[in-house]
Every structure is written in structure tokens, then in C-alpha cells.
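Engineer: Quick one, fold the following:
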Amino acid sequence: MDVTIGGRILYITEDAKLLEAQLEGQNLPNEPYADGAGLVSNISTDELTPGWVCYYYDETLARYCLVGLRGGVVKKDGIKAGGFGVIVSGISKGCGSSRETAPYSELKSGVQLVIAKSIEKIYRQNAQNIGLLTSTDFGLIPRIARGEAIPMTEFTKGLDPISASIVDHGGLFAYNRARLAGKTSPPEITTRARPMTVCEKILARHVITDARAGAVGVPAVKPGDAFFARTDVRFSHEYVTPMAESLFVAEMGKDATVNDPASVFAFRDHLTFLDLVMPKAHKDMGLKEQAGSLATVQETFTKKHSIKLYGEVHRDGKLVGSEAICHNKVIEELALPGQLVAGTDSHTCMAGALGCFAFGVGSTDMANAWYTKDVRVTVPETAKFVLRGALRAGVCAKDVMLYILSQPFFKSGQGIGKVLEFTGDGVRALPLDERATLTNMAVEAGSFTGIIEADDVVVDYLVAQRGLRADDVRARIVKADPDAAYVATFEIDLGALAPMVALPGDPRNGVPLADLGADVKIDIAYGGSCTGGKKADMDMYASVLGAAVAKGKRVAPGVHLYIQFGSQDIRRYAEAKGYLEVFAKAGAELVDPSCGACIKAGPGVSDRPEQVTVSAINRNFPGRSGPGKVYLASPLVIAASAICGKIAGPDAI
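Structural biologist: Numbering: from 1, shown residues only. Prediction:
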């Protein structure tokens, strides 16, 4: 089958004037961009569809495609009105959040094909699911420009059989209709017994061998094997549930029911505090009501299908926040070692700290999983990070991850789609919360997920947190074979690492704190999000702020320090430890659980380009937390910076 790509070709050029000229009707020659030179790289899903655009979940998204692109050149209807059939950019297209709204906005703008030097895993899978073609072959551009019909095999080469078939069928739902009708079927997994990594072992146990009989499990899998896998936990949040629900009804029918609702969960955790920070211009657009409808749709859906909803929390009759950020609660209550966990958020991988295979999916994948309890998986390659020794004082897991992300393996895009397995005596010495920082931020490298073998630290946590029997937890632990194969292995001496800071624009922009040079004065210090709002993070904030208070110091004039809890359980922990009093004496502003400023939806968000934030969140893509500049750092640096009024380590207190 051949496909003719119509419309104009849009090059997302680093030269803003050339980009603007294209939007105004000028066509650029292909030759200067034949190898991707001069094109914008690391275009995140936040830039494709900024947070406020995601309040929509229908074809309205097309009107706002790429309005968040750095430089502000693309305006409302700019892509849709431009008649573009192809969008071309540099490396790492679609990094960041798993929001399917991003490729959907391109598709509904008339774009048929996205070409980039490299394409992020979740974005690419979402594009496949909805029928948006993708390629990393720049050689297609002159052929398309000549009006040549392109064989569909050009867009399926290199893909696993299931992904290729989904592309051939025009999307996941069309493929599944054919599969259920017996017109196509996934290939049988015939991989012979072989040494396997942790993730490979977990996936092998979850391969569906007979969907009707409910049979799962094969002796072994290898990288590249593709299949549908049985999930143990599926969850979504209010940002995504409505879009997935609309797809679920459209494709399965209004009477369709969710398969095994006891293993499905929903969270009202992303937009709880949106009213506090929504700009007047957005309210004038009717976005307050539009955003509010997301929670309403989610609540109606969960009630209809008997799905547990972790919702809002009221104290003394007043809304104070959410019950928890989804990722924190998945670790506290839901996931177990050896399980397969799928969630509609890229940071689902945080649960890998428990020794489970956890990863983010888009709306179409979740809608399908609600009906079948299955997700499609292509076994990824695994990169192994062996952490040795012990961290020095003032250095923590956030510094480790910012250092790892700054390495060429990730900055060049080689980490895209890989599993990051963390091991070594340095990992085993870390508490669970610090391990969760490593797995949480694996996705910032474009990786599939992060995972750490469960051990007694995990066993003790689950016994204390959930009252589980230790022997039952140990029986679930999956360990890698000693001779398992890895695509790359990295040895890291933890004792050699120093505090790190990621410069604005990308979490891969990590540099040692000592190399910042001139003082970087700050306006906001934000300690929170799933990454920076855990119990161990509260310990770190309190240690620095407590030392400051003991010396008669408070948050520097003109600086706002926000400390936000990842769950109500974490808030209760901080209260029991006496931290709330310490935070108050230091001048911190306390915020109940919600994703909040991390996604530009709560206290701590910037509102002016000249503002500077130092933040404990996981990513700092342009515009994600407001128009200001965002530096990423550890909880220790966040607290110290708030006291000093500039980015600084705890030794500056």
C-alpha cells in the first residue's frame, strides 16, 4: 500500500524569522535541512500542547497545536491554517509528558507525517495509536516534495510486528477490531529460555498467550519481541481520563464495561489548585469551566464503572488539596514487586522503585486497556547503571540523576526507549524514597522506564506501610539473571559526585552546582511534586531549614519558598516529625498534595519571563512551570537557596 502525503512541509527552524515566514506562506528548500541541521531539538509535549490546551480533548486541540513552542512564534490556528502535511524537527521529538493531546493536535491540524532525527517512545506510540505517521528518515522529504507516493513499508520498517500492523491499519482501535474479528493476530512468542534482566522476566510472566482463556506467561522474551501483556494495575488522572473515556465510548459503545474495575484507579491530582493561578486571559476564554469539566467527567466515569477515585480532600469544610499525587499513592498503596503497572502519565515509572515494571501510556492505550486489561509492549533493551560507594554529605539521589541525564548517552538520544536498571551497593544503601527519585526521572532521558530489584528495604516498607506479610512480599521479588545481557553498562562512583543543577530548558542540562559561576538570584524555590514531595524530601527540607532557623535565619526577602506534600500520608508524616513548625518558622508556604506548579497549575508557578525558580520537580522544559527560567536541583539545594536568595548548597547556610 502506498500513501501520498499532501500539504506543505513545515521545518521547525531555530531561526524564528524563517519559522514565521513559513507560517505566513513561504516554503523553504529542503537542502539546508537535509541532515536536521538548523532545526529545533527536544520539542516537548508541553510545547506541542501546553497544559492549558489539554483542558480540551477533542478536535479543538488542532487550533492550539505548537502554541507553546519556545519563542512564541506559533499562534492559535497557525498550524491548522498553514496547510501543512509534514512537520520536521531535530532530535528527541515529543519528549516529556505522555499526553496524547500532542500528536492528536498535529493530526487534527491536517498533519499526516512527523519527521525528526529521533522520536521519543511514548510520543511515537501515541502517534501510531491515532494514525499519525512518523519517521526518522530525512530522505523521504524530497520524495514527498515531488509528490511521490510513499510505500507504507517506509513507515513500518524497523517496527515490531504489532506496531507495524497498527500503522498499517491506521491506528490501535482499527487494529483491534481486525484482531477481534480474526483478521490479524499478534505473532507467537517463540524465544527460547535465555538469561534475562528484571524487566524481561516480568514481561515474560505477563505475555498473553490465550486472551479468551486468560492464559499468560512464556519461558522467555528478548528485546524486540512484541505482544499484548496483562496489566496488574491501570490508572489515570483527570487530565487524561475524559479523553480516554470519550475514545472508550466511541470505539466500544456506550454500554461497554471496564474489565476488572478493582484493578483500575483514578486520581484527581493534577488541577486541584488551578483556580489559584489561572490567568485572567484564560478565564476569559472559558477555560476555568472547561478545566472544571475534566473532574466532572472523571467522577461520572468512575461511579459508572465502580472505579476507586482518589479525590479531593476537605479540612474544616474547605478544599485543601488532593488525597495524593498518583505516583506517590501507587507506591504507598497499589503496586507490588513483579507487577505490570500502566498509567496515563510519563512518571508512572516511579513505581519501578518497588521492583515492578511500570510505564506511561496515552489515552488510546488506556481506553483499550480498560476494555481488555491488556497493553501492547515491545521488549526494550536495558541499560545498567551500577552505583558504587556512598554519597557525600549534601549529595542525594536527585544529584545522581541529574548527573546521569547530563551524560552523552542521554543528551544524544541513545537512551530513548531503553529501560534504566539501577543496581550496585550504592543503590542498596539508599532508602526507598531516594530510589524512587531515580526511577521517577528515568523518563527524562526518553527512557521506557526505570527499575530497581526489590530487596529487604522494599519488604520492610510494604510490611510497615500496608501490613503485608514479609514472606508474601519476598515471594514476589524478581531478580535479574547474573549473565543477563545489557545494551550498555555504566559504573558510577557515588562518592565522586557533587551537588548538581540542571540549567533552564531541559533536565539533561545538568552541571555541578560549583560550576554555576556568577550568583543566580531566585524569586521562587519550589519543593514538591511526585519527585520532590516524598518523606525523605521532607527530611531534607527540614534539615536545612532547621539549621537556618537555629541561626536566626528565614527565607530571603523577595523569595517565595513552597513546600508541597506528595500525599496526605506524607503530610501526616511531616506533621508527626514536627516539620510543619520548622517550615513555618523558616517562612515556607505549605501546600497540600497536587501536581501543582510542576504542570503550571498551582502555587509556585512563575508568571513573568524574568522570574527565576529553583525547583525539585523532574523536568524544566520551556513553559512547563510558567514563563520564567527553571533550574532543577535537590531538596537540599532548594531549601538552602530559599534562605540565601540565590542558588546555593546547604553549606552556605
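
Engineer: drop to CA atoms for contacts and neighbour counts, all remaining ones
Structural biologist: Fine.

Engineer: packing partners for whichever strand or helix holds residue 155?
Structural biologist: Element membership for residue 155 (DSSP states H and E) is helix 153-156. On a contact count with 3 or more C-alpha pairs under 8 Å, 6 or more residues apart in numbering; DSSP states H and E, helix 153-156 meets strand 133-135, helix 161-169.

Engineer: 7 Å - rerun?
Structural biologist: strand 133-135 (3 or more C-alpha pairs under 7 Å, 6 or more residues apart in numbering; DSSP states H and E).

Engineer: can you give me the offset of the strand it packs on from its chain's centre?
Structural biologist: On the basis of C-alpha atoms, centre = their mean, to the nearest Å, strand 133-135 is displaced by 21 Å from the centre of the chain it belongs to.

Engineer: How far does stretch 203-218 stretch from one end to the other?
Structural biologist: Terminal residues of stretch 203-218 lie 9 Å apart, using C-alpha to C-alpha, to the nearest Å.

Engineer: should've said stretch 597-611
Structural biologist: End-to-end distance for stretch 597-611: 14 Å, by C-alpha to C-alpha.

Engineer: State the distance from residue 587 to residue 560.
Structural biologist: 8 Å.

Engineer: thinking again about what came up before, quick check: buried residues in the helix holding residue 155?
Structural biologist: Neighbour-count burial for helix 153-156 flags 155-156 (criterion: 16 or more other C-alpha atoms under 10 Å).

Engineer: which residues are in contact with that helix?
Structural biologist: 133-135, 164, 167 (C-alpha atoms under 7 Å, 6 or more residues apart in numbering).

Engineer: change it to 10 Å
Structural biologist: Here helix 153-156 makes contact (C-alpha atoms under 10 Å, 6 or more residues apart in numbering) with 1-3, 113, 133-137, 140, 159, 163-168.

Engineer: Residue 292: neighbour count?
Structural biologist: Burial of residue 292 is recorded as 16 neighbouring residues (other C-alpha atoms under 10 Å).

Engineer: Hmm, it is touching residue 278, no?
Structural biologist: No - Residue 292 is not in contact with residue 278 according to C-alpha atoms under 10 Å; the separation is 12.0 Å.

Engineer: average model confidence for the helix holding residue 155?
Structural biologist: Helix 153-156 comes out with an average pLDDT of 97.

Engineer: Please state the offset of that helix from the chain centre?
Structural biologist: 27 Å.

Engineer: what does stretch 59-78 give?
Structural biologist: 21 Å.

Engineer: got a list of what the most centrally placed residue in the chain touches?
Structural biologist: For the chain, the residue nearest the mean C-alpha position is residue 346 (2.3 Å; C-alpha atoms, centre = their mean). Contact analysis of residue 346 by C-alpha under 10 Å, 6+ apart lists 95-99, 122, 358-362, 440-444, 446-449.

Engineer: Mind doing that once more with 7 Å?
Structural biologist: 97-98, 359-360, 443 are the contacts of residue 346 under C-alpha under 7 Å, 6+ apart.

Engineer: between those, which has the most around it?
Structural biologist: When neighbours are counted by other C-alpha under 10 Å, residue 443 leads those with 35 neighbours.

Engineer: Tell me how far it lies from residue 606.
Structural biologist: On the measure of C-alpha to C-alpha, residue 443 and residue 606 end up 24 Å apart.

Engineer: was I right about residue 481 contacting residue 196?
Structural biologist: Yes - using C-alpha atoms under 7 Å, residue 481 is in contact with residue 196, at 5.6 Å.

Engineer: Between those two, which has more neighbouring residues?
Structural biologist: Using other C-alpha under 10 Å as the criterion, residue 481 and residue 196 rank with residue 196 on top: 22 against 13.

Engineer: so that one sits in a helix?
Structural biologist: No - assignment of residue 196 by DSSP: H, G, I helix; E, B strand; the rest coil gives coil, placing it outside any helix.

Engineer: surely it meets residue 479?
Structural biologist: No - contact status for residue 196 versus residue 479: not in contact, 9.0 Å apart, counting by C-alpha under 7 Å.

Engineer: and the residue nearest to the residue nearest to the centre of the chain when sequence neighbours are not counted, what does it touch?
Structural biologist: Closest residue in space to residue 346, ignoring its immediate chain neighbours: residue 360 at 4.5 Å, by C-alpha to C-alpha, 6 or more residues apart in numbering. By C-alpha under 7 Å, 6+ apart, the residues touching residue 360 are 98, 342-349.

Engineer: what sits up against stretch 619-634?
Structural biologist: Around stretch 619-634, the neighbours that count as contacts under C-alpha under 7 Å, 6+ apart are 44, 46, 68, 70, 398-399, 444, 500-507, 597-600, 605-617.

Engineer: now, which of those residues lie within helices?
Structural biologist: Applying DSSP state H to the contacts of stretch 619-634, the entries found in helices are 46, 398-399.

Engineer: Residue 186: which of these is nearest?
Structural biologist: Closest approach between the ones in helices among the contacts of stretch 619-634 and residue 186, by C-alpha to C-alpha: residue 46, at 33.3 Å.

Engineer: ok, the closest one - contacts?
Structural biologist: Contact partners of residue 46, counting by C-alpha under 7 Å, 6+ apart, are 68, 624.

Engineer: What confidence value was assigned to it?
Structural biologist: As predicted, residue 46 sits at a pLDDT of 93.

Engineer: Residue 223 versus residue 419, what's the distance?
Structural biologist: In terms of C-alpha to C-alpha, residue 419 sits 11 Å off from residue 223.

Engineer: Those two - which one has more neighbours?
Structural biologist: residue 419 (29 against 14).

Engineer: how much space is there between that one and residue 331?
Structural biologist: Distance from residue 419 to residue 331, by C-alpha to C-alpha: 19 Å.

Engineer: same deal with residue 160?
Structural biologist: 31 Å.

Engineer: Show me where the stretch 351-500 of the chain has its helices.
Structural biologist: 363-372, 397-405, 408-411, 425-428, 432-440, 456-466, 470-476 (DSSP state H, counting those that start in this stretch).

Engineer: Residue 221 in helix, strand or coil?
Structural biologist: coil.

Engineer: Could I get the pLDDT score of it?
Structural biologist: 98.

Engineer: Hmm, it is touching residue 199, no?
Structural biologist: No - the pair residue 221 and residue 199 fails to qualify as a contact (C-alpha under 7 Å) at a distance of 9.9 Å.

Engineer: longest helix in the chain, by residue count?
Structural biologist: For the chain, the longest helix by residue count, based on DSSP H, is helix 287-304.

Engineer: Export that one to CSV, keeping only CA atoms.
Structural biologist: In CSV, the C-alpha atoms belonging to helix 287-304 read as follows (Å, rounded to 0.1, in the frame of the first residue of the first chain):
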residue,chain,number,x,y,z
LEU,A,287,-11.0,27.7,30.4
LYS,A,288,-12.0,27.7,34.0
GLU,A,289,-15.2,25.9,33.2
GLN,A,290,-13.6,23.7,30.6
ALA,A,291,-10.9,22.6,33.1
GLY,A,292,-13.6,22.0,35.7
SER,A,293,-15.4,19.7,33.4
LEU,A,294,-12.5,17.3,33.4
ALA,A,295,-13.0,16.4,37.0
THR,A,296,-16.8,16.1,36.5
VAL,A,297,-16.3,13.7,33.6
GLN,A,298,-13.9,11.6,35.5
GLU,A,299,-16.1,11.4,38.6
THR,A,300,-19.1,10.3,36.4
PHE,A,301,-17.0,7.7,34.7
THR,A,302,-15.6,6.2,37.9
LYS,A,303,-19.0,6.0,39.5
LYS,A,304,-20.5,4.3,36.5
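
Engineer: What part of this structure, helix or strand, is modelled with the least confidence?
Structural biologist: Every helix and strand of the chain was ranked by mean pLDDT, DSSP states H and E. The lowest is helix 172-180, at a mean of 88.
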